[in-house]
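>>> I would like the atomic coordinates for the input below:
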Amino acid sequence: MEFQQLNKTCFYFHGPVNIGYVHLGEEGMLIDAGIDKSAMKKVIKQLREHELPITHLFVTHAHADHFGGAQYLQQQFEVHTIAPIFEEAVMRYPIMEPIYLFGGNEPLEDLRNKFLEGNPITIDQVIEEGHYQVGDFSFETVNLPGHTHYQLAILIDDILFAGDAYLSEQYLHKHKLPYMTDADLAIESLNKLTEIRCQGAVPGHGEYEEDFNKTVQANINYHEKLLNWVEAKVEEYPNGISHETIVAEMCQHFGLGEKLLSQWVLLRTAVTSYLLALIKKEKISHHITGGRWIFIANR
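Down below sits the predicted model:
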């Protein structure tokens with residue numbers, strides 16, 4: 001995990017999941033906390049080596065790879081922890097994530113792992129989109145839904161820590177169907193990102209870029225390509241295609257033959273996010289027939 005300085009006050013730990021850091025006087029704020037205790041130990045070790053303080057934690061959204069290390073951090077330091085509305089509930093009760101991914105049913109043990117269920121944490125301050133002064137830190141938060149319900153990016157000292165609102169092109173092509181809850185909202189959020197003016201941006205997965213709009217546009221293009229694929233697939237079935245069938249066909253088409261239930265529920269949600277976007281755009285309709293959720297192209 002490489003510790004990089006971006007300007008006078010802003011830094012980030014570059015790794016599989018990026019973690020931001022802002023230093024002002026005797027205060028230091030981490031932005032996200034990594035997936036587990038091991039990731040957070042590496043962060044703490046490097047900050048101690050640089051004699052930098054840890055007094056605050058800002059979590060962009062309630063996915064375990066972004067808050068899983070926070071419990072250990074809170075055990076080691078008195079940190080004022082800030083989180084977005086709605087997302088904070090999942091951080092306090094992490095079993096909610098495997099529950100909603102499993103359609104509301106009691107989750108099987110296969111779903112109760114560190115990738116889907118982080119350790120519960122204490123939240124000291126719940127915030128929305130807007131301007132905030134917390135201790136010495138003055139910052140703006142930007143609501144960027146689509147990846148989760150109420151993800152907040154943070155713009156502080158001219159650096160945007162964007163959470164998972166956009167991803168590196170390498171990450172997109174590696175994972176093929178990145179997790180989303182609503183592709184339409186995700187694309188709206190990406191367009192919103194292009195209007196932000198700052199020195200540079202750090203995505204949740206990828207590298208810091210000063211000219212990040214090129215990567216953001218690549219994300220928009222990628223999701224629109226997937227939307228077109230889903231629309232074309234629905235059109236292949238004049239009598240309608242079931243939810244189960246289109247999930248299976250999309251996974252097979254993109255070579256995502258994962259056999260783990262924990263991976264499949266994420267893919268199912270991602271595929272559904274594109275179907276939701278097409279319903280919103282009135283490109284497709286849906287109904288229940290014979291106990292199946294059916295999608296049909298509008299003509």
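
>>> rest of the way, CA atoms for contacts and neighbours
Fine.

>>> biggest helix in the chain by residues?
helix 213-235 (DSSP state H).

>>> what packs against that one?
Under the contact criterion of 3 or more C-alpha pairs under 8 Å, 6 or more residues apart in numbering; DSSP states H and E, helix 213-235 touches helix 169-175, helix 183-193, helix 243-253, helix 261-280, strand 292-297.

>>> pLDDT of the first one, averaged?
In this model, helix 169-175 has a mean pLDDT of 94.

>>> for the last one, same thing?
Averaged over strand 292-297, pLDDT sits at 98.

>>> same question, the fourth one
The average pLDDT for helix 261-280 rounds to 97.

>>> with the second one instead?
Average pLDDT, helix 183-193: 98.

>>> and it, how far from the chain's centre?
13 Å (C-alpha atoms, centre = their mean, to the nearest Å).

>>> again, but for the fourth one
Counting by C-alpha atoms, centre = their mean, helix 261-280 is centred 14 Å from the centre of its parent chain.

>>> from residue 194, how far off is residue 201?
The gap separating residue 201 from residue 194 is 11 Å, by C-alpha to C-alpha, to the nearest Å.

>>> the two - which one has more neighbours?
Per other C-alpha atoms under 10 Å, whichever of residue 201 and residue 194 has more neighbours is residue 201, with 25 against 13.

>>> not counting sequence-adjacent ones, nearest residue to the more buried one?
residue 160 (4.5 Å; C-alpha to C-alpha, 6 or more residues apart in numbering).

>>> re the thing from before, nearest to residue 33, of the helices and strands packed on helix 213-235?
helix 169-175 (19.5 Å; C-alpha to C-alpha).

>>> helices and strands around that closest one, which ones?
Using 3+ C-alpha pairs under 8 Å, 6+ apart, helix 169-175 is in contact with helix 213-235.

>>> quick one: the helix or strand hosting the residue nearest to residue 201 to chain centroid distance?
Secondary-structure element containing residue 160, defined by DSSP states H and E: strand 159-161. The chain centroid and the centroid of strand 159-161 are separated by 15 Å under C-alpha atoms, centre = their mean.

>>> ok, now stretch 124-133?
Worked out by C-alpha atoms, centre = their mean, stretch 124-133 lies 19 Å from the chain centre.

>>> next, the distance between the ends of that stretch.
14 Å.

>>> likewise for stretch 143-161?
From its first residue to its last, stretch 143-161 covers 12 Å (C-alpha to C-alpha).

>>> with stretch 288-298 instead?
Length of stretch 288-298, first residue to last, C-alpha to C-alpha: 16 Å.

>>> again, but for stretch 62-73
End-to-end distance (C-alpha to C-alpha), stretch 62-73: 16 Å.

>>> returning to that earlier point: among the helices and strands packed on helix 213-235, which is nearest residue 81?
helix 183-193 (24.6 Å).

>>> tell me the buried residues in the closest one?
183, 184, 185, 186, 187, 189, 190, 191, 193 (16 or more other C-alpha atoms under 10 Å).

>>> off-centre distance for the helix or strand harbouring residue 99?
Per DSSP H and E: residue 99 is located in helix 96-101. Computed by C-alpha atoms, centre = their mean, the separation of helix 96-101 from the middle of its chain amounts to 15 Å.

>>> do the same with stretch 59-72
With C-alpha atoms, centre = their mean, you get 11 Å for stretch 59-72.

>>> residues contacting it, please?
By C-alpha atoms under 8 Å, 6 or more residues apart in numbering, the surrounding residues in contact with stretch 59-72 are 17, 31-40, 81-84, 87-88, 90-91, 114-121, 148, 150-154, 162-163.

>>> stretch 125-137 now?
Residues contacting stretch 125-137 (C-alpha under 8 Å, 6+ apart): 24, 27, 80-85, 88, 138-143, 152, 156.
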